[in-house]
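>>> Show me how the following folds:
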Amino acid sequence: MLCVAAVALAVIETEETVWAAVGGQASLSCQLSGDEEVLQITWQEVLPGGEMSLATYTKKFGPQVKPGLEEKMDIQCKDLQSCSMVIRKVTEQDEGCYRCLFNTYPLGALIGRTCLKLYGEDINPSYQACI
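Numbering: from 1, shown residues only. The predicted structure is shown next:
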């Protein structure tokens with residue numbers, strides 16, 4: 001399902017749920033349509049106690065991933081309007097929700113949200129289907 005969050009004339013498009021196989025790769029993407037000037041894009045994991053920043057992208061510095069996570073994830077941006085966070089070797093600990101923040105001028109932070117769900121041999125069998 002595609003989620004759309006609209007603020008003024010800005011719209012953030014993201015998938016509500018992304019499915020990935022355990023051990024595989026997941027690509028979470030956000031796209032901003034509108035004329036706002038994007039200064040920075042930040043990807044965060046939504047945790048019970050708040051959010052934890054994982055990666056950022058700016059025109060000046062390019063992609064920056066939190067130290068210690070460089071092998072686990074990458075941030076890939078076509079430009080400052082369209083950005084994906086790629087999680088490699090997905091584990092059960094990666095399952096959950098993530099936010100993309102477009103820090104813009106003059107509107108401030110515009111936020112999209114997507115959740116990662118897993119399937120595979122070690123996951124609840126009710127999610128698996130036989131063909």
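
>>> For the rest of this, base every contact and every neighbour count on C-alpha atoms.
OK.

>>> Verify the assumption that residue 93 is located in a helix.
Yes: using DSSP: H, G, I helix; E, B strand; the rest coil, the assignment for residue 93 is a helix.

>>> show me where pLDDT drops low in this protein?
Applying pLDDT under 70 to the chain picks out residues 1-9, 121-131.

>>> Grab the most central residue of it for me.
In the chain, the C-alpha closest to the average C-alpha coordinate belongs to residue 28, at a distance of 4.2 Å (Cα atoms, centre = their mean).

>>> Backbone dihedrals for that residue, please?
The phi/psi pair for residue 28 (degrees, to the nearest 10) reads phi -100, psi 130.

>>> Same question for residue 107.
Dihedral angles of residue 107 (phi, psi; degrees, to the nearest 10) stand at phi -80, psi -20.

>>> hang on, the earlier thing: tell me the bridge partners for the residue nearest to the centre of the chain.
Using DSSP bridges, the bridge partners assigned to residue 28 are residue 85.

>>> That one and residue 98, how far apart?
Per Cα to Cα, to the nearest Å, residue 28 is found 8 Å from residue 98.

>>> repeat for residue 85
Taken as Cα to Cα, the span from residue 85 to residue 98 is 10 Å.

>>> what is in contact with these two at once?
Residues touching both residue 85 and residue 98 comprise residue 43, with contact defined as Cα atoms under 8 Å, 6 or more residues apart in numbering.

>>> The residue nearest to the centre of the chain contacts residue 114, correct?
Yes: if you go by Cα atoms under 8 Å, residue 28 and residue 114 touch, sitting 7.2 Å apart.

>>> Identify the contacts common to these two.
Shared contacts of residue 28 and residue 114 (Cα under 8 Å, 6+ apart): 14-15, 18.
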